[in-house]
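[1] build me a structure from this.
(2 chains)
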Amino acid sequence: MMHSIILAIATRYLSPLIFLFSLIFLFRGHNSPGGGFIGGLLAAGGFVLYSTAFCVTSAKKKLIIDPRTLIGIGLLISFISAFLSLFSGKQFMTDIWWEVTLPLLGKWSVGTPFFFDIGVYFVVAGVTLTIIFSLSEE
Amino acid sequence: MQILIVLPIIIPFATAIIAFLARKWRLVQRVWGTVGAAGLLIVAVMLFKIVHQDGIQSVQIGQWPAPYGITIVVDLFSAVMVIMAGIIAFTVSIYSLIDIDEQRLAFGYFPLLHILLMGINGAFITGDIFNLYVWFEVMLIASFVLLAFGGRRLQMEAAVKYVTLNLVSSALFLAGVGILYGKIGTLNMADLAQKLAIEPQSHLISSSAMLFLVAFGIKAGVFPLFFWLPASYHRPPAAVSAIFAGLLTKVGVYALIRVFTLIFVHNLEFTHSLIIVIAGFTMVTGVLGAVAQYGMRRLLAFHIISQIGYMIMGLGLFTPLALAGVLVFIVHNIIAKSNLFLISGIVHRLRGSYHLKEVGGLYKTNPGLAILFMIPALSLAGVPPLSGFFAKFILIKAGLEVQNYYIVAVALIVSVLTLFSMTKIWNEVFWKDMPVSIDKKMSTKTNLTSKQYILLVAPVCMLAIITITIGLGSEWIFGVAKQAAEQLLDPTDYINAVFGGKS
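    Below you'll find the model as predicted:
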């Protein structure tokens, strides 16, 4: 593969930015454009950029865990978030919201749809990376 | 209580997730996959008990009231189908412990199996027509991977045929849903039933009905849309083909019955007479196709088609007795058919071939297996007192009651031809001596330890016992089926369950 210094340097600065951006998309989900799906795609995009600039093995090292495990974790998070409503006597998959006061950030409301979105984020990132890594290895 | 209704979807999903995360530990996979299937069976029986005692149950997912949210509805028909899925899941899981090789296991056989089960159960218990589409897709994707993995070329060819035809079917299904939504403005099946009852009949509704008929017809494998089925079902490992043969086509039949008893019932002389004609052709072509076959699984695959004909015939006759017959028939057929595919897998293990000309002499070496084969085979042909006899008896009685003698004659002739096919397998596989020319080559193939053999035969035994039990306890089963048929023909209970229990 051709190795470009410009791309490599740019990627060093860009990929953390892309990753941060994907988190912003994830957090603003639910009520405004964004959410787990698009966030997950962006996060995967960051790693794909890294793998084109350097190589697949180093991108895998950056990811630390196997993208397939990521899929499993994501599914598990979404699954549990669908279950939480049952403990407060509501029907399956009903949304529950909590008011959380954080230092500096003020009042936030956190709900099960957000956890569901986090799960989706992991699944989408995991699936995309599994596909792209296995394609670029061949 | 509420949670029990969604558990048939949740249990396979949870099992799949955990099996997927534990994919490196094969022992965990095997144990967990089987435990999950057993859990599904237990939940299915509990659910059936509740529905049998207290009537139709429903849940509004996420507390969005019907018709806006997705409703999960379980009536007797659905509950029986979920039990069937549980039985097949459990027996096939045990069989898979031996039948599925390490490579497929590492690739994720058990997660895929349980995702497939989730799709099947979801299709059985959903009360929303678009949600039904989603479950069909879940099923299609999981079954496609199950069919294709293992990577042999012939298997790939089968998978491509399968997925192409099923994608066409999905597109038609979606088009039908689109037309219906454009015309009526709702996707909830109970709501559709209510609104179509007061809506004047139009060509749009009829064309939507036909799109559904074709789409589900492809899934169910009816004439003339069945050709993908015998082209693909004989390729994957025996465990996979058993679960496909038992459950996948029946989901298509289930959807046909649901849609043509709940939604499209206002143009009976058009839709349901067409269904009867299709049923007749399906029976005949299926059984004639089987006569020419010499591959054991191909032959059995053609019989799936002819048996589907019987089910569709009951739907076309559209009397309480006929629908009860369909139910008994589906129950009998799922058990017997999966069992035959499992046995064909054991024959393959013992003799190294599926081809009838290359095997033989099993009666001498494995008389127990021969008897185990006789039970589902004779049941399929309709010999009393096994399950198939009562199922066919009810259907034919229903046919005589509405004086549709043509379809009754076809059903009887096809039954005789089925017996002929089963005798052919019996003669070739069990009775005749092992062909001399390949005797030496194949004799090395018998490399099953007795522990492995027991694990392969145990599920076959279970299914055979169920076949006999259905035959002997047919009165009770017929009672349940009659109740279910009444629920199907009078949808007020179903509609009340969806809208009444608002919480």
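
[2] every contact and neighbour count from this point should use C-alpha atoms.
    Fine.

[3] which SS state does A:Lys90 fall under?
    Per DSSP: H, G, I helix; E, B strand; the rest coil, the secondary structure class of A:Lys90 is coil.

[4] what residues of the helix or strand B:Val92 falls within count as buried?
    Assigned by DSSP states H and E, B:Val92 falls within helix B:76-99. Using 16 or more other C-alpha atoms under 10 Å in any protein chain shown as the test for burial, helix B:76-99 gives B:76-99.

[5] check stretch A:108-122 too.
    A:Thr112, A:Pro113, A:Phe114, A:Phe115, A:Phe116, A:Asp117, A:Ile118, A:Gly119, A:Val120, A:Tyr121, A:Phe122.

[6] nearest spatial neighbour of the second one, chain-adjacent residues omitted?
    What that stands for is A:Pro113. In this structure, A:Pro113 finds its nearest non-sequential neighbour in A:Asp95, 6.2 Å apart by C-alpha to C-alpha, 6 or more residues apart in numbering or on different chains.

[7] SS state for the one you found?
    A:Asp95 is classified as coil under three-state DSSP.

[8] for B:Pro236, same thing?
    Applying three-state DSSP: B:Pro236 is coil.

[9] could you list the low-pLDDT ranges of the chain?
    With no chain named, the answer covers chain A. By pLDDT under 70, the low-scoring segments of chain A are A:1-2, A:138.

[10] other chain: chain B
    In chain B (pLDDT under 70), the answer is B:1, B:151, B:437-447, B:501-503.

[11] enumerate the residues of it near chain A.
    Counting by C-alpha under 8 Å from any C-alpha of the partner chain, chain B comes close to chain A at B:2-3, B:6, B:14, B:17-18, B:20-21, B:59-63.

[12] among those, which are in helices?
    B:Gln2, B:Ile3, B:Val6, B:Ala14, B:Ile17, B:Ile18, B:Phe20, B:Leu21 (DSSP state H).

[13] quick check: of those residues, which lies closest to B:Gly150?
    Nearest to B:Gly150, judged by C-alpha to C-alpha, of these is B:Phe20 at 17.6 Å.

[14] just to check, the closest one is in contact with B:Pro111?
    Yes - assessed by C-alpha atoms under 8 Å, B:Phe20 is found in contact with B:Pro111 at 5.6 Å.

[15] now whichever strand or helix holds A:Thr101 - C-alpha only, PDB.
    A:Thr101 is located in strand A:97-102, with elements delineated by DSSP H and E. Only the C-alpha atoms of strand A:97-102 are listed here, as PDB (Å, rounded to 0.1, in the frame of the first residue of the first chain):
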ATOM      1  CA  TRP A  97     -36.200   8.800  32.400                       C
ATOM      2  CA  TRP A  98     -34.100   9.900  35.400                       C
ATOM      3  CA  GLU A  99     -33.100  13.500  36.300                       C
ATOM      4  CA  VAL A 100     -29.400  13.600  37.000                       C
ATOM      5  CA  THR A 101     -27.600  16.700  38.400                       C
ATOM      6  CA  LEU A 102     -24.000  16.600  37.300                       C
END
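
[16] which is the next helix or strand following it?
    Taking DSSP H and E, what comes next after strand A:97-102 is strand A:106-111.

[17] what pairs with that following strand, parallel or antiparallel?
    strand A:97-102 (antiparallel) (DSSP bridges).

[18] chain B contacts on chain A?
    Within chain A, the positions near chain B by C-alpha under 8 Å from any C-alpha are A:69, A:72-73, A:75-76, A:79, A:86, A:90-95.

[19] can you rerun that using 7 Å?
    Residues of chain A lying near chain B by C-alpha under 7 Å from any C-alpha of the partner chain: A:Thr69, A:Gly72, A:Leu75, A:Leu76, A:Gln91, A:Phe92, A:Met93, A:Thr94, A:Asp95.

[20] redo the residues you listed as JSON lines? Include neighbour count.
    Formatted as JSON lines, those follow (neighbours: other C-alpha atoms under 10 Å in any protein chain shown):
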{"residue": "A:Thr69", "neighbour count": "19"}
{"residue": "A:Gly72", "neighbour count": "21"}
{"residue": "A:Leu75", "neighbour count": "25"}
{"residue": "A:Leu76", "neighbour count": "22"}
{"residue": "A:Gln91", "neighbour count": "23"}
{"residue": "A:Phe92", "neighbour count": "22"}
{"residue": "A:Met93", "neighbour count": "22"}
{"residue": "A:Thr94", "neighbour count": "21"}
{"residue": "A:Asp95", "neighbour count": "19"}
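
[21] ok, those vs B:Arg298, which is closest?
    Looking across the residues of chain A next to chain B and measuring by C-alpha to C-alpha, the closest to B:Arg298 is A:Gly72, at 36.7 Å.

[22] can you pull the contacts of that closest one?
    For A:Gly72, the contacting residues are B:Ile17, B:Phe20, B:Leu21, by C-alpha atoms under 7 Å, 6 or more residues apart in numbering or on different chains.

[23] could you give the angle of the helix or strand that contains B:Ile466 to helix B:76-99?
    For B:Ile466, the enclosing helix or strand under DSSP H and E is helix B:450-472. Orientation check (axes from the mean of the first three to the mean of the last three C-alpha atoms, to 10 degrees): helix B:450-472 against helix B:76-99 gives 160 degrees.

[24] what about A:Pro33, how many neighbours?
    Per other C-alpha atoms under 10 Å in any protein chain shown, the neighbour tally for A:Pro33 reads 10.
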